[in-house]
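> Predicted structure and sequence below. I'll ask about it afterward.
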Amino acid sequence: MNLLAGRHYQCMALSPISDSIAEDFRCPVIEAIRLRGFHVAADGLEIHLAREFGFCYGVDRAIHRAYRARRVHPGKRIFLTAEIIHNPSVNRKLHDMGIGIMTLASGNSGGQSAIGPDDVVILPAFGAAASDVQNLRATGCAIVDTTCGSVMRVWKRVERYAREGFTAVIHGVYSHEETVATTSCVAAIAGGKYIVVRDKAEARLVCDYIAGRAGAGTIRDRFKRAVSAGFDAGRDLERIGLANQTTMLSNESVEIAGMLRRAMVFRHGEAAMAERFRSFETICAATQDRQDAVRALGGLGMDLIIIVGGFNSSNTTHLVEIASQFAPSYHIGDPSDIISRGEIRQKHWRRRQPGIVRAWLPAPPLRVGVSGGASTPNRAVGQAIERVAALCGVNLRERLGIGP
Ligand code: SF4
């Protein structure tokens, strides 16, 4: 096992850890807008904040544990198995504290020495693959597990499916760290099988196969990398159990469960469902709350909506997808992506890469909705709001009566 990250860190002052985190990520602008009922108006500009956004309980806990690890092990090398969460400013902060990211791929030394008993390894909020954790344990390093309880709930569900002879059909992105960890739980159980469907289009292919409208070749070709080893559609789609990555679009997960159930009924009859079909929604409460809050925000009638969060953040991308149903919506990774009135660097929820959109900010009067993903610090959301206000000629801090 080899490493790819820096080793230097700065000592943190011995204040309580929650104070250090608040110091790094809190934002007086956000606090002031919340106190005013989640909106502020000035000179024709209205800013409306979603009622739920930013750090969820799982992210909060993961960051807290990472800070604690740094403090408890001041002289040790500390590594993450992957980004602790998908947010650039949080990851930059941990890097500055000397917490680097290792690679679990063998044969890639990156010029650094292997993990050993003197090292500390942090498992991120999404968890890590069971085999990787096993390998880490064998090195004797100290492991700090920040896996969110809501993610572990999905693991328990799919493990149960595997033990009871059901193939786990997981609504998720097969390469996302959380789903990699979830599928590894299935693979760790003898005979465990899974297939990962990304969206309704992929679920429809599975339904078509189950209902006899498509051949096994369709499944083989489309899901090459998204199925368990030796997956045989003819054998492995006879009994299925549904679960989902915690950060998927909740409505879509419910629809996919309905589609698959109908296909199973078509093939086997309603009476067979108890023996052949299981479903359990595993979207976490924090994801659901943030999605509902963006729907409510959109329902207020915004001229545009800005969503702040890592471009690789699944939950943030789904917030943008929802916001886009109501108004032109812009997913920015960082406040600096708001370049000028004429340019914003943003990512469309269907695309992989961000790009520049021009003439995005109309002149006031203007209603702007703002939210952030479950891994986005308040500070990033607050700075984005301040940039929009400044571009509209509004000094927001002055208007809110807070200092610079
Ligand atoms: S989004 Fe949900 S599952 Fe993911 S860390 Fe937050 S609370 Fe946990």
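That came in fine, so what should we check first?
> Distance from the strand or helix carrying residue 209 to the middle of the chain?
Using DSSP states H and E, residue 209 sits in helix 200-210. In terms of CA atoms, centre = their mean, to the nearest Å, the centre of helix 200-210 is set 25 Å apart from its chain centre.
> try stretch 132-143
The answer for stretch 132-143 is 25 Å, by CA atoms, centre = their mean.
> likewise stretch 300-318?
With CA atoms, centre = their mean, you get 12 Å for stretch 300-318.
> In that stretch, which of the residues would be classed as buried?
Across stretch 300-318, burial judged by 16 or more other CB atoms under 10 Å covers 302, 304-318. For glycine as for every other residue, the C-beta is placed from the backbone atoms N, C-alpha and C.
> Could you pull up the residues touching the residue in the stretch 151-300 of the chain that the ligand sits nearest to?
Among the residues of the stretch 151-300 of the chain, residue 284 lies closest to the ligand, at 3.2 Å counting by CB to the nearest ligand atom. Applying CB atoms under 8 Å, 6 or more residues apart in numbering to residue 284 gives the contacts 56, 58, 148, 150-151, 246-247.
> What does it show for phi and psi?
With angles defined as degrees, to the nearest 10, residue 284 sits at phi -80, psi 160.
> Please list the residues outside the helix holding residue 209 that contact it.
Helix 200-210 is contacted by residues 169, 171, 195, 197, 214-216, 218-219, 222-223, 233, 237, 252, 255-256, 259-260, 262-264, 266-267 when judged by CB under 8 Å, 6+ apart.
> that older thread, just put the contacts of residue 284 in a markdown table and tack on secondary structure.
Below are those laid out as a markdown table (DSSP: H, G, I helix; E, B strand; the rest coil):
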| residue | secondary structure |
| --- | --- |
| 56 | coil |
| 58 | helix |
| 148 | coil |
| 150 | helix |
| 151 | helix |
| 246 | coil |
| 247 | coil |
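> Those also near the ligand: which ones?
56, 58, 148, 150-151, 246-247 (CB under 6 Å from any ligand atom).
> For stretch 152-160, list the C-alpha coordinates in CSV.
Extracted C-alpha coordinates of stretch 152-160, given in CSV (Å, rounded to 0.1, in the frame of the first residue of the first chain):
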residue,chain,number,x,y,z
MET,A,152,-23.8,1.8,7.3
ARG,A,153,-27.6,1.3,7.3
VAL,A,154,-27.4,0.7,3.5
TRP,A,155,-24.6,-1.8,4.1
LYS,A,156,-26.6,-3.7,6.6
ARG,A,157,-29.6,-3.8,4.2
VAL,A,158,-27.6,-5.1,1.2
GLU,A,159,-25.7,-7.7,3.4
ARG,A,160,-29.1,-9.0,4.5
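> which secondary structure element contains the closest residue to residue 57 other than its chain neighbours?
Leaving aside its chain neighbours, residue 57 sits nearest to residue 286 (6.3 Å; criterion: CB to CB, 6 or more residues apart in numbering). Using DSSP H and E, the element containing residue 286 is helix 285-299.
> in stretch 257-276, what's buried?
Under the neighbour-count criterion of 16+ other CB under 10 Å, stretch 257-276 has 257, 259-261, 263-265, 267-268, 276 buried.
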